[in-house]
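please work out how this folds:
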Amino acid sequence: MKKRIGSAPTLVYPESDGEPMAESPKHQQVMIDCMDILRSHFRGVVDVYIAGNMLLYYEEGNPRKSISPDVFMVRGLSKKDLRTYKTWEQPSTLDFVLEVASPSTYAKDFNEKKAIYEQILRVKEYCIYDPYHEIDPSFVGFRLVGDAYEEIAFVEDRLPCETLGLELGERDGVLRLYDPVTEMWLGTSPERVDEADARASEAETRVLEAETRVSEEARARREAEAELEKLRAALERLQSSE
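Below you'll find the model as predicted:
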């Protein structure tokens, strides 16, 4: 029996738009770090999906209606392996989007993309960040209130994102996420490894210092006991000579 060859799909939703992931290595690192931190923070929450630089299609049957958020988060979606995001197959409303901007993407981020996120995808919170501070504003956030975006007010130089339960801000000139509950900055995987190594090294140092103190105290005790024994012996000699 001849093997039947299936016909190719007539409608294709490409997985790539042919554009580079980011404009510069610094832009790329911001995206990677943000996704890494968020995935670590929500690793125990089964229905939080985090991705970035993925083509998102928002009109079934029309592959031209697409957008590629630099970083985004969706609640109500399990941590699955998606090659593209189709709003008619997955939750149609995104919770959080971050665009890493530059002078060449400024107009698109603040106009075309902002309109799609606000009016079509109904993204609850949308943040724009320029790591080089070449655009003005270089760091801004919007929250969907009713049918329109309202700018998010900074709190101690950080943008509080209700959808994340975290705050976006710069730490040592680098975009990071701050947990207001623990009052701690969240680090990337390499940063967490370095911090763990530093804590282990500090603990080892404390153990060595404690062992040294114990050893010194034991030696001092032995010396004191030896000196006491000499004094006793001397006292006995004096008593016997009287």
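
pick out the residue nearest the middle of this protein.
Closest to where the C-alpha atoms of the chain average out (Cα atoms, centre = their mean) is residue 37, at 1.7 Å.

need the contact list for it.
Residues touching residue 37, when contacts are defined by Cβ atoms under 8 Å, 6 or more residues apart in numbering, comprise 176-177, 186-188. Where you see a C-beta, it was placed from the backbone N, CA and C, and this is true even at glycine.

residue 216: which of those residues is nearest?
Distance from residue 216 was checked for each of these by Cβ to Cβ. The minimum falls on residue 187, at 37.6 Å.

and the closest one, what's its pLDDT?
Predicted confidence (pLDDT) for residue 187: 92.

start at 57, not 1
Sure, I'll start numbering at 57, so the last one becomes residue 243.

next, count neighbours for it.
Other residues near residue 243 number 18, with proximity taken as other Cβ atoms under 10 Å.

over to residue 234?
The criterion is other Cβ under 10 Å. On that basis, residue 234 has 20 neighbouring residues.

what do you get for residue 139?
Once other Cβ under 10 Å is used to define contacts, residue 139 is seen to have 10 neighbours.

quick check: phi and psi on residue 129?
phi -130, psi 140 (degrees, to the nearest 10).

correct me if wrong: it contacts residue 221.
No - here residue 129 lies out of contact with residue 221, judged by Cβ atoms under 8 Å, at a distance of 11.0 Å.

how close does the closest residue to residue 124 other than its chain neighbours get to residue 138?
In space, not counting the residues next to it along the chain, residue 124 is nearest to residue 111; the distance is 5.3 Å by Cβ to Cβ, 6 or more residues apart in numbering. Separation of residue 111 from residue 138 (Cβ to Cβ, to the nearest Å): 10 Å.
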